[in-house]
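# sharing a sequence plus its predicted fold:
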Amino acid sequence: MERFVEKFIRYLEIEKNYSAHTILNYKLDLEEFQKFLGEHPVEKVDYLGVRKYLAIMKEKGLQSRSVARKLSSLRTFFRFLTREGFIKANPIASILSPKLDKHLPQFLTEEEAARLIESSIPETLSGMRDRAILETFYSTGIRISELVGLNLDDVDVISGIVKVRGKGKKERIVPIGDRAIGAIRGYLEKRDMQTAALFLNPGRRRISDRGVRYMFKKYILLAGIKQGVSPHTLRHSFATHLLNRGADLRTVQELLGHANLGTTQIYTHLTTERLKNVYDKAHPRA
């Protein structure tokens, strides 16, 4: 199976242009399936063999979402093998993904988001950087991986736009607000160091995902906000607040960089209060 996996990974890297993080997840899922197969050749894997593998995953206590992700990896792998002629039939073609429970994303109220951002005091260089990061998160709704990957050249302070490299190395342009631009400008003036990366750690290197999460936890405590909030919560808050204030779903989809509208639609479940207000105003017997 190893030679097939190597060909598949090259396909993901070169033809699909997937990110390193996504490719790593595929590798891990396929390695786990390879352990299950043992000496059994991948060319002879059938429907029952895959069902047995999924049953073992469930017996281990994996949640439906995790099982679905592993099945998705196998589905893409076997589809590749079938298309390239390495196997005659796809053993996963008729296997359905497990039904997933819909978990609504956690988000902050507008007041909580403002309190979180303003808990950072822009008096020191690190404080100015932190304020700029928090403002940028909330202003653009970008992912943490997209934020740490930002370069100076990606931010156009005149036009108020940011070039973002998202999942699958796809680029998109998102607007950025005046407060975030002001915070970034203040940070860069204080930083007085020209390097490609927009946000730096104390060692003057590009800040990492871990560094942002550590910083974020500090301000969650200072702002007195409930635990369990992460940088991704600001992304959820960004989308929810836009919808609550009248933005259409398609626009929010573009801003978030979602490939499918269905991914964005989960935020409509968070706008019940806005829907009730519209109903109360519009229905003659509300």
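That came through fine.
# list the buried ones in the strand or helix carrying R131?
With elements taken from DSSP states H and E, the one containing R131 is helix 125-140. Within helix 125-140, the residues that count as buried by 16 or more other C-beta atoms under 10 Å are 126, 128-140. In this view, the C-beta of every residue, glycine as well, is placed from N, C-alpha and C.
# let me see the mean pLDDT of that helix.
Mean per-residue pLDDT for helix 125-140: 96.
# neighbouring contacts of that helix?
The contact list for helix 125-140, computed with C-beta atoms under 8 Å, 6 or more residues apart in numbering, reads 113, 116-117, 120-122, 142, 147, 150, 162, 164, 174-177, 179-180, 183-184, 186-187, 190-191, 199-200, 202, 207, 212, 215-216, 219, 231, 234-235, 237-238, 255.
# and for stretch 56-74?
Applying C-beta under 8 Å, 6+ apart, the contact partners of stretch 56-74 are 25-26, 29-30, 32-33, 36, 50, 54, 92, 95, 97-101.
# pull out the buried residues from those.
Judged by neighbour count, with 16+ other C-beta under 10 Å as the criterion, the buried members of the contacts of stretch 56-74 are N25, Y26, D29, L30, F33, V50, L54, I92, P98.
# could you dump those into JSON lines with distance to K281 added?
Formatted as JSON lines, the buried ones among the contacts of stretch 56-74 follow (distance: C-beta to C-beta, whole Å):
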{"residue": "N25", "distance to K281": "46"}
{"residue": "Y26", "distance to K281": "49"}
{"residue": "D29", "distance to K281": "49"}
{"residue": "L30", "distance to K281": "54"}
{"residue": "F33", "distance to K281": "54"}
{"residue": "V50", "distance to K281": "53"}
{"residue": "L54", "distance to K281": "49"}
{"residue": "I92", "distance to K281": "50"}
{"residue": "P98", "distance to K281": "41"}
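# so which of those belong to helices?
Among the buried ones among the contacts of stretch 56-74, the members found in helices (DSSP state H) are N25, Y26, D29, L30, F33, V50, L54.
# I'd like to know how far the last one sits from A197.
By that I understand L54. As defined by C-beta to C-beta, to the nearest Å, L54 lies at a distance of 42 Å from A197.
# can you pull out the strands in the chain?
With DSSP state E, the ranges of strands along the chain come out as 155-156, 161-165, 171-175.
# among those strands, which is nearest R10?
R10 sits nearest to strand 161-165 of all the strands of the chain, at 21.6 Å, using C-beta to C-beta.
# buried residues in the closest one?
V162, V164, R165.
# list just the nearest of the residues you listed to G224.
Taking C-beta to C-beta as the measure, G224 sits nearest to V162 out of the buried residues of strand 161-165, at 29.9 Å.
# could you pull up the residues touching that closest one?
For V162, the residues meeting the contact criterion (C-beta under 8 Å, 6+ apart) are T136, T140, I142, L150, D154, V155, D156, I173, V174, P175, I176.
# distance of the third one from R213?
In other words, I142. Following C-beta to C-beta, the distance that separates I142 from R213 is 15 Å.
# with neighbour numbers in mind, choose between those two.
Here I142 and R213 are set side by side on neighbour count (other C-beta atoms under 10 Å), and the busier one is I142, at 27 against 13.
# got the domain boundaries for the chain?
For the chain, the structural domains run 2-83, 110-278, going by automatic domain parsing.
# got any ranges where this structure has weak pLDDT?
The model of the chain has pLDDT under 70 over residues 100-104, 269-275, 286.
# longest helix of it, counting residues only.
Using DSSP H to assign secondary structure, the helix with the most residues in the chain is helix 64-83.
# got the buried residues for that helix?
Within helix 64-83, the residues that count as buried by 16+ other C-beta under 10 Å are 67-68, 70-71, 73-78, 80-82.
# circling back to that earlier point, ok, of the contacts of stretch 56-74, which one's closest to N244?
Proximity to N244 was ranked across the contacts of stretch 56-74 by C-beta to C-beta; first place goes to D101, at 24.5 Å.
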